[in-house]
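K.L.:
sequence-free structure coming up:
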């Protein structure tokens, strides 16, 4: 085998690899920067970190696309997908019939629900105790919809643009309780709110999160295959336990 032939083969292989890298499609991915520990800004590096961020990066690697990641308020995410301004969104987005009419969803990748968060010493034990109280929740979220549908006295329900805003309002006694996604309120209670706030009551309205895509997206199957593969080989379990602790049986 001649040296010249080897050089030609090597150059050809390098060109093929380079061409593949250039041809990898870049998808516009959007998230909400305030849904800890799913997505949040690392103050030291300026990069987005969290459970969702590790999931979407792993999915992108396996599905074969690059990520152009941007952030926006949660209530703008579904409209951005509708208008085609973004291709994919991951932000603890609950799969609902209403949303499925206007965007495509991946298979569920996280089981969740809604939970009440109150200050230590509160008399609130369940949802009915929130009647007539000042309750913080998030704009455009299923937790807001749930409160409006299940509280007769809902004048005190206050939607906030970000979860940090409603937690600050609770700590400053501007509101009486927060009603929001269980993993998010639980994370706050274990970290910044430790000893000051606590979760109470059962888990309301079992939910499943999905990766949202533009309606008719050609990437749905690839995303689902990538999600399946990270669950099968243990990668999902590793990521889950990094952010939430031991993974429950059956997940």
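P.N.:
Ah, there it is. Quick caveat, the model's predicted, so the values are computed rather than measured.

K.L.:
Beyond the worst-scoring helix or strand of the chain on mean pLDDT, next helix or strand please.
P.N.:
Of all regular secondary-structure elements in the chain, judged by mean pLDDT, DSSP states H and E, the least confident is helix 3-23 with a mean of 43. From helix 3-23 onward toward the C-terminus, using DSSP states H and E, the following helix or strand is strand 25-31.

K.L.:
That next one packs against which elements?
P.N.:
The contact analysis (3 or more CB pairs under 8 Å, 6 or more residues apart in numbering; DSSP states H and E) places strand 25-31 against helix 51-63, strand 65-71, strand 88-89. Heads up, the C-betas are built off the backbone N, CA and C, glycines and all.

K.L.:
again, only this time at 10 Å
P.N.:
Using 3 or more CB pairs under 10 Å, 6 or more residues apart in numbering; DSSP states H and E as the contact criterion, the secondary-structure elements in contact with strand 25-31 are helix 51-63, strand 65-71, helix 77-83, strand 88-89, strand 212-214.

K.L.:
Describe which strands that strand pairs with in its sheet and in which direction.
P.N.:
strand 65-71 (parallel), strand 88-89 (parallel) (DSSP bridges).

K.L.:
Rounded mean pLDDT for the longest one, please.
P.N.:
For strand 65-71, mean pLDDT is 97.

K.L.:
same question, stretch 32-42
P.N.:
Per-residue scores along stretch 32-42 average to 92.

K.L.:
picking up where we left off before, among the strands paired with strand 25-31, which comes closest to residue 35?
P.N.:
Among the strands paired with strand 25-31, strand 65-71 comes nearest to residue 35, with 10.5 Å by CB to CB.

K.L.:
Show me which residues of that closest one are buried.
P.N.:
Applying a neighbour-count criterion of 16 or more other CB atoms under 10 Å, one finds 65, 67, 69 buried in strand 65-71.

K.L.:
Stretch 166-173 too?
P.N.:
Buried residues in stretch 166-173, counted by 16+ other CB under 10 Å: 166-167, 169-171.

K.L.:
hang on, the earlier thing: quick check, nearest of the buried residues of strand 65-71 to residue 41?
P.N.:
Comparing the buried residues of strand 65-71 against residue 41 with CB to CB picks out residue 69 as the nearest, at 11.5 Å.

K.L.:
quick one, what contacts the closest one?
P.N.:
Residues in contact with residue 69, defined by CB atoms under 10 Å, 6 or more residues apart in numbering, are 27-31, 39, 47-48, 53, 56-57, 60, 88, 90.

K.L.:
at 6 Å what do you get?
P.N.:
Contacts here follow CB atoms under 6 Å, 6 or more residues apart in numbering; on that basis residue 69 touches residue 29.

K.L.:
Roughly how far does it sit from residue 78?
P.N.:
When distance is defined by CB to CB, to the nearest Å, residue 69 is 18 Å away from residue 78.

K.L.:
So which of the strands paired with strand 25-31 is nearest residue 215?
P.N.:
Comparison of those against residue 215 by CB to CB identifies strand 88-89 as nearest, at 12.2 Å.

K.L.:
Quick check: which element contains residue 240?
P.N.:
Mapping residue 240 onto the secondary structure by DSSP H and E places it in helix 235-244.

K.L.:
Contacts for that helix, please.
P.N.:
With CB under 6 Å, 6+ apart as the test, helix 235-244 has contacts from 37, 51, 54, 230, 247.
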